[in-house]
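Student: got a structure for you, letters missing:
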C-alpha cells in the first residue's frame, strides 16, 4: 500500500514509475473491505493501446481495497483487447463491441456499477498514487458528499508533466463563464447524485462539460481537495487535437444557452459575458494568491499564451479555454 503524503506533488519520473509496471497486491484488488466506500471506475476505451495498460495500472496500483473496475471498449482493433485480457482477472466487467461513442460507453459502465462513488478515467489518462484513498477519506467523514474533486497534471504522450492544473473550491458560475474548474481525471461523484441527475448526454464532444454543469447545479455538498489525483494526457490523437475548433465552438455556445447563460455567437462583441468572465478570473487570481501560490499564478499567466498557441486553441482573436476533455475516438 502506498503511504505517501496525500498532498504530495509528483515529478515526471514518479508518474512513470507508478504506471510502469504492476505494483499492486492481489489481495487488495480482490478485497471488498466494507470499511472503505466502494469506488467504481469506468474506463471507456477505443484504439488507445499505447496508453491503455498505463491507465489500467494507475487504477490497480492504487491498492484500494474496495474497488470496482469496468472497461467498456468500443471494438478496438489495435491490440487493446489483448491488454484488457491480460488484466481481466482483476476486472469486475469488460466488453469489446461497437458502441455509440465515449459518452455512451461511460453511461453503460455507470448503469452496471455498484459503487458508492463513481468516476471515469479515459483510456489515455491516469490516476496518481493514493488518489482513491484520498477520496475515500473525504467520503468517510461525509457520506452525503455529492461531488469530490482534486487537482491534476497535464502530461504528454511520454508521461512527462507539461504543467499543473490547480483548481479552487467549486463555483458553478466559474464553470459556466470561465470553463473548466474541475477535471474528469480527478473527479468522483456520489451514486445518489447520479440517480438524481441522470446519465451523460450522448454528445461527441463537450458531453463532459454538460455533465459537470448538471452535477454542479444539482449538488449541494461539494468537496475540493488541493491534492494531485490525476493526469490528463495531451497527444496528437486526442479529441483535444483532432476536433475542429470551429465545429466545437457552436456546441459550446449551445450548451451554455441550454443552461441559461446569455452569450452571443461572436464572443468578441459580447461585453456582458466578457466582463462577467473577468470578475470570476479575478476571484481565481486572488484565491491562489491568498494560498501563497504566487509562482503558480505568474507561471499560469506566462504560459497561457504559449500553451494556447502551441495547440492552436483559437477562434478569431478570442482564445477558448473551455474545451472538451474527451478522447474516445470511435465516432471521429
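Tutor: Now that the structure is in, tell me what you want to look at. The structure displayed is predicted, hence computed values, not measured ones. Numbers count the residues shown, from 1 in each chain.
Student: now stretch 95-114, how far from the chain's geometric center?
Tutor: 16 Å (CA atoms, centre = their mean, to the nearest Å).
Student: First residue to last residue on it, what's the distance there?
Tutor: For stretch 95-114, the first-to-last residue distance is 17 Å (CA to CA, to the nearest Å).
Student: Tell me the buried residues in that stretch?
Tutor: Of all the residues in stretch 95-114, those buried under the rule 16 or more other CB atoms under 10 Å are 95-96, 99, 101-110, 113. Where C-beta positions appear, they are placed from N, C-alpha and C, glycine not excepted.
Student: With stretch 131-144 instead?
Tutor: Neighbour-count burial for stretch 131-144, counted by 16+ other CB under 10 Å, picks out 131, 132, 133, 134, 135, 136, 138, 139.
Student: Now do the helix or strand that contains residue 275, average pLDDT.
Tutor: Element membership for residue 275 (DSSP states H and E) is helix 271-290. Summarised as a single mean, pLDDT over helix 271-290 is 84.
Student: after the helix or strand where residue 103 lies comes which helix or strand?
Tutor: Using DSSP H and E, residue 103 maps to helix 102-112. With elements assigned by DSSP H and E, the helix or strand that comes after helix 102-112 is strand 117-120.
Student: what about that following strand, distance to the chain center?
Tutor: With CA atoms, centre = their mean, you get 10 Å for strand 117-120.
Student: Now do that strand: which elements does it pack against?
Tutor: When contacts are defined as 3 or more CB pairs under 8 Å, 6 or more residues apart in numbering; DSSP states H and E, strand 117-120 packs onto strand 39-45, helix 102-112, helix 131-141, strand 187-190, helix 191-197.
Student: can you list the residues that contact it?
Tutor: Strand 117-120 is contacted from outside by 37-44, 106, 109-110, 135-136, 139, 148, 184, 187-191, 194, using CB atoms under 8 Å, 6 or more residues apart in numbering.
Student: Mind listing the strands the helix or strand just after that strand pairs with, and their directions?
Tutor: Sequence order places strand 126-127 as the next helix or strand after strand 117-120, per DSSP H and E. Its sheet considered, strand 126-127 pairs with strand 222-233 (antiparallel) by DSSP bridges.
Student: which parts of the partner strand are buried?
Tutor: Going by neighbour count (16+ other CB under 10 Å), the buried part of strand 222-233 is 222, 223, 224, 225, 227, 228, 229, 230, 231, 232, 233.
Student: one step back: any chance of the helices and strands packed on strand 117-120 in CSV, plus mean pLDDT?
Tutor: Listed next are those as CSV, based on pLDDT from 0 to 100:
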stretch, mean pLDDT
strand 39-45, 98
helix 102-112, 97
helix 131-141, 97
strand 187-190, 98
helix 191-197, 95
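Student: Could you export these as TSV, including distance to residue 205?
Tutor: Formatted as TSV, these follow (distance: least, CB to CB, whole Å):
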stretch	distance to residue 205
strand 39-45	14
helix 102-112	9
helix 131-141	25
strand 187-190	18
helix 191-197	20
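Student: Out of these, which gets nearest to residue 17?
Tutor: helix 131-141 (15.5 Å; CB to CB).
Student: and residue 166, how far is that from residue 65?
Tutor: 29 Å (CB to CB, to the nearest Å).
Student: ditto for residue 165
Tutor: According to CB to CB, residue 165 and residue 65 sit 29 Å apart.
Student: now the helices for this protein?
Tutor: Ranges of helices in the chain, per DSSP state H, are 12-19, 26-30, 49-60, 80-86, 102-112, 131-141, 172-178, 191-197, 207-218, 239-242, 245-258, 271-290, 294-310.
Student: closest one to residue 156 among those helices?
Tutor: helix 12-19 (9.2 Å).
Student: Name the residues that touch the closest one?
Tutor: By CB under 8 Å, 6+ apart, helix 12-19 touches 54-55, 57-58, 61, 126, 128-129, 153, 155, 159-161, 231.
Student: Kindly report the same for stretch 190-198.
Tutor: Residues contacting stretch 190-198 (CB under 8 Å, 6+ apart): 110, 113, 115-118, 144-147, 214-215, 218-219.
Student: quick one: which of these is most hemmed in?
Tutor: Counting neighbours by other CB atoms under 10 Å, the top entry in those is residue 117, with 25 neighbours.
Student: measure it to residue 195 for me?
Tutor: From residue 117 to residue 195 the distance is 13 Å (CB to CB).
Student: Could you list the low-pLDDT ranges of the stretch 151-300 of the chain?
Tutor: 237-247, 265-269 (pLDDT under 70).
Student: try 90
Tutor: Judged against pLDDT under 90, the low-scoring parts of the stretch 151-300 of the chain cover residues 177-180, 203-205, 235-253, 261-300.
Student: picking that back up, among the contacts of helix 12-19, which pair sits farthest apart?
Tutor: 61 and 160 (19.0 Å).
Student: follow-up on the earlier one: the buried residues of stretch 131-144 into TSV, with extra columns for distance to residue 204?
Tutor: As requested, the buried residues of stretch 131-144 are exported to TSV (distance: CB to CB, whole Å):
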residue	distance to residue 204
131	28
132	29
133	34
134	32
135	29
136	33
138	33
139	32
